[in-house]
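S.K.: Sequence isn't available, so here's the structure alone:
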């Protein structure tokens, strides 16, 4: 950095020399991480495909249905409430006056 001048607030940084090493990740590490991610994707895909082929369109077993809660009783849905009609129009001046009298 350039020396501080009392009349200026501008600082000049020295130019980077060609000797400074660049911070790049090691190629081995990135390849290892890629391979690890690929392995987990492959493993999950194989598991999903094996599960689909094992069942091949058959319904899930009772154990699977119990785990997922698929055979639970259906939840009763209430019918929608009827509308009370159009919304009331409120006059702001009258509402402020009523509020101030309370």
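M.R.: Perfect, thanks for sending it. Keep in mind the model is a prediction, meaning the values are calculated, not measured.
S.K.: Which phi and psi values does residue 13 adopt?
M.R.: Main-chain torsions, residue 13, degrees, to the nearest 10: phi -90, psi 150.
S.K.: Which pLDDT value goes with it?
M.R.: In the predicted model, residue 13 carries a pLDDT score of 81.
S.K.: Start the count at 593 instead of 1 going forward.
M.R.: Noted, 593 is the first residue going forward, which turns the last one into residue 605.
S.K.: Near it, how many other residues are there?
M.R.: Neighbourhood size, residue 605 [other Cβ atoms under 10 Å]: 7. C-betas here are computed from N, CA, C, even on glycine.
S.K.: hmm, who's touching stretch 685-694?
M.R.: Residues from elsewhere that reach stretch 685-694 (Cβ atoms under 8 Å, 6 or more residues apart in numbering): none.
S.K.: continuing past the lowest-mean-pLDDT helix or strand in the chain, what's the next helix or strand?
M.R.: Lowest on mean pLDDT, DSSP states H and E among the helices and strands of the chain sits helix 654-660, with a mean of 64. Using DSSP states H and E, the helix or strand that follows helix 654-660 towards the C-terminus is helix 684-693.
S.K.: Tell me which residues of that next one come out buried.
M.R.: In terms of neighbour count (16 or more other Cβ atoms under 10 Å), helix 684-693 has no buried residues at all.
S.K.: which helix in the chain runs the most residues?
M.R.: Criterion DSSP state H: the longest helix present in the chain is helix 619-647.
S.K.: Alright, calling it a day.
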